[in-house]
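Enquirer: Here is my input; please provide its structure:
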Amino acid sequence: MKNVLYIGNKLNNETSNISGIQTLGPLLENEGVSIYYRSSKPNKILRLLDMVWSCLKLSKQVDVVLIDTYSTQNFYYAFLVSQLCRILNLDYIPILHGGNLPVRLKSFPKMSKMIFKNAKYNVSPSGYLKSAFQNYGFNNILHIPNTLKIKGYPFSLKKYDTPRLLWVRSFSKIYNPELAVKVFSTLKKVYPNAQLCMVGPDADGSRKNVENLAKNLNLTIKFTGKLEKKEWIELSKDYNIFINTTNFDNTPVSVIEAMALGLPVVSTNVGGMPYLIEHDVDGILVAPNEPQVMSSEIISTINNSERTKELVENARKKAEKFDWNHIKLLWFKALNSN
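Expert: Numbering: from 1, shown residues only. This is a model prediction of the structure:
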């Protein structure tokens with residue numbers, strides 16, 4: 001097995017969810033891959049310096065560098081680390097997490113070419129990003145989906161009496177958490193006993209806006225803050241619909257997890273979502289920023305339990321394809337090929 005340096009945000013704080021480095025890394029380690037992680041430093045500058053220093057220090061000890069690559073500020077550490085790898089003659093593999101990365105390709109073509117053209121591979125968790133990158137002339141793309149261990153997600157059919165909505169994401173503008181409140185407000189007019197629970201850390205201060213909107217609309221919403229995975233899986237037993245409100249997306253693990261658990265998913269039709277969910281087959285897709293439309297689909301989900309039962313059973317079958325026992329073979333091939 002290879003020796004790997006994994007570059008990403010290995011943080012454990014109240015403003016960040018579990019990231020790729022914290023899920024994929026341990027799975028690979030359990031398969032015998034030797035991994036060095038960078039970085040867990042909370043300060044962004046110190047974290048970047050730690051990443052750069054680790055490349056220099058470990059360049060003779062590792063065979064390949066994995067780089068979690070996002071479309072936000074983290075895009076720049078991917079650029080710096082990738083170029084250092086080129087200088088050190090180190091193979092590197094960006095893992096394309098950012099649903100808004102196609103905008104980066106368009107806005108920063110030279111920088112993007114320097115990162116992605118020179119990579120050993122670019123790993124895309126979604127067909128959406130694979131297609132987008134190929135359209136910009138990048139052909140060294142491997143599609144390796146996000147993964148989970150399916151045995152940790154007990155499937156159960158829900159009771160569809162009144163909407164009990166579950167939202168799991170970080171509170172960030174790009175994920176449009178305020179849409180969840182607007183949908184909930186619409187549903188309360190039809191189902192006075194409807195519920196909404198929002199799970200996740202406050203990444204950019206958006207939670208305050210959500211709380212203010214809820215207060216102005218006289219709504220009671222359950223906010224749990226950041227939960228460990230086992231905690232929100234246990235919490236999910238009390239809810240019967242999972243909503244995904246984002247404006248930009250790739251293939252979010254939280255949605256795959258909801259599909260595995262038997263929660264019907266109603267999601268905005270953005271980014272990689274239509275590559276993950278087939279509308280009216282294993283989930284529901286709606287236009288972004290349309291609370292009335294999303295509310296109508298939720299009502300339909302509640303009223304047509306037989307159709308919903310078919311949706312969730314199909315979704316579970318699809319989620320099983322993301323099990324680590326399948327996905328790990330793709331990673332072995334990527335890491336061990338010359």
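Enquirer: Any figure for the gap between the closest residue to Q73 other than its chain neighbours and S206?
Expert: Setting aside the residues directly before and after it, Q73 is nearest to K44 in space (CB to CB, 6 or more residues apart in numbering), at 7.5 Å. Where C-beta positions appear, they are placed from N, C-alpha and C, glycine not excepted. According to CB to CB, to the nearest Å, K44 and S206 sit 19 Å apart.
Enquirer: Looks to me like I243 is in a helix.
Expert: No. Assigned with DSSP: H, G, I helix; E, B strand; the rest coil, I243 falls outside any helix and is strand.
Enquirer: neighbours of it, just the number please.
Expert: Residues lying near I243 (other CB atoms under 10 Å) number 29.
Enquirer: isn't it right up against W167?
Expert: Yes. Using CB atoms under 8 Å, I243 is in contact with W167, at 5.4 Å.
Enquirer: Find the residues that touch each one of these two.
Expert: Common neighbours of I243 and W167, counting by CB atoms under 8 Å, 6 or more residues apart in numbering, are A180.
Enquirer: need the strands for the stretch 101-250 of the chain, in chain order.
Expert: 122-124, 141-143, 164-168, 195-199, 222-225, 241-244 (DSSP state E, counting those that start in this stretch).
Enquirer: hmm, back to that, who has more neighbours out of K44 and S206?
Expert: Neighbours per residue (other CB under 10 Å) separate K44 from S206, with S206 holding more: 19 against 14.
Enquirer: My guess is that one contacts F171. True?
Expert: Yes. Under the criterion of CB under 8 Å, S206 makes contact with F171 at 4.2 Å.
Enquirer: Okay, now the unreliable bits of the stretch 1-150 of the chain?
Expert: Within the stretch 1-150 of the chain, the segments meeting pLDDT under 70 span 1, 13-17.
Enquirer: Also the stretch 201-338 of the chain?
Expert: 338.
Enquirer: so how many other residues sit close to V103?
Expert: Residues near V103, counting by other CB under 10 Å: 13.
Enquirer: Skipping its backbone neighbours, what lies nearest Y77 in space?
Expert: Y77 sits nearest to L48 (CB to CB, 6+ apart), 5.3 Å away.
Enquirer: do K117 as well
Expert: The nearest residue in space to K117 (CB to CB, 6+ apart) is F138, at 6.7 Å.
Enquirer: Tell me if I'm right that the one you found and M114 touch.
Expert: No. Using CB under 8 Å, F138 is not in contact with M114; the gap is 11.9 Å.
Enquirer: Mind checking which of the two has more residues around it?
Expert: F138 (20 against 15).
Enquirer: ok now do the more buried one, which residues does it touch?
Expert: Counted by CB under 8 Å, 6+ apart, F138 has contacts 116-117, 122.
Enquirer: just the buried members of the residues you listed?
Expert: Among the contacts of F138, those buried by neighbour count (16 or more other CB atoms under 10 Å) are 116, 122.
Enquirer: In CSV: the contacts of F138, plus distance to E306.
Expert: Listed next are the contacts of F138 as CSV, based on distance: CB to CB, whole Å:
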residue, distance to E306
F116, 46
K117, 50
N122, 42
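Enquirer: now the helices for the stretch 1-150 of the chain?
Expert: If DSSP state H, counting those that start in this stretch is used as the criterion, the helices of the stretch 1-150 of the chain fall at 20-30, 44-58, 74-87, 101-107, 109-116, 127-135.
Enquirer: Serialize those to a markdown table and add fields for distance to V281.
Expert: What follows is the helices of the stretch 1-150 of the chain, written out as a markdown table (distance: least, CB to CB, whole Å):
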| stretch | distance to V281 |
| --- | --- |
| helix 20-30 | 27 |
| helix 44-58 | 41 |
| helix 74-87 | 34 |
| helix 101-107 | 25 |
| helix 109-116 | 33 |
| helix 127-135 | 16 |
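Enquirer: quick one, which of the ones you listed is nearest to G200?
Expert: With CB to CB, the closest approach to G200 among these belongs to helix 20-30: 15.2 Å.
Enquirer: Just list whatever residues bridge to L165.
Expert: L165 forms beta bridges with L196, I241, as assigned by DSSP bridges.
Enquirer: ok, it - how many residues close by?
Expert: Neighbours of L165 (other CB under 10 Å): 22.
Enquirer: give the contact list for the spatially most central residue of the chain.
Expert: Nearest to the mean C-alpha position of the chain, counting by CA atoms, centre = their mean, stands P252 at 2.8 Å. Shown in contact with P252 (CB under 8 Å, 6+ apart): 146, 169, 244, 246.
Enquirer: and the last one, how many residues sit next to it?
Expert: When counting by other CB under 10 Å, one arrives at 22 neighbours for T246.
Enquirer: ok, Y153 - how many residues close by?
Expert: 21.
Enquirer: May I have the phi/psi pair for it?
Expert: Backbone torsions of Y153, given as degrees, to the nearest 10, read phi -130, psi 90.
Enquirer: I277 contacts V265, doesn't it?
Expert: Yes. Contact criterion CB under 8 Å: I277 and V265 qualify, at 6.3 Å.
Enquirer: so what sits against both of these two?
Expert: Both I277 and V265 are in contact with 255, 283-284, 315, where contact means CB under 8 Å, 6+ apart.
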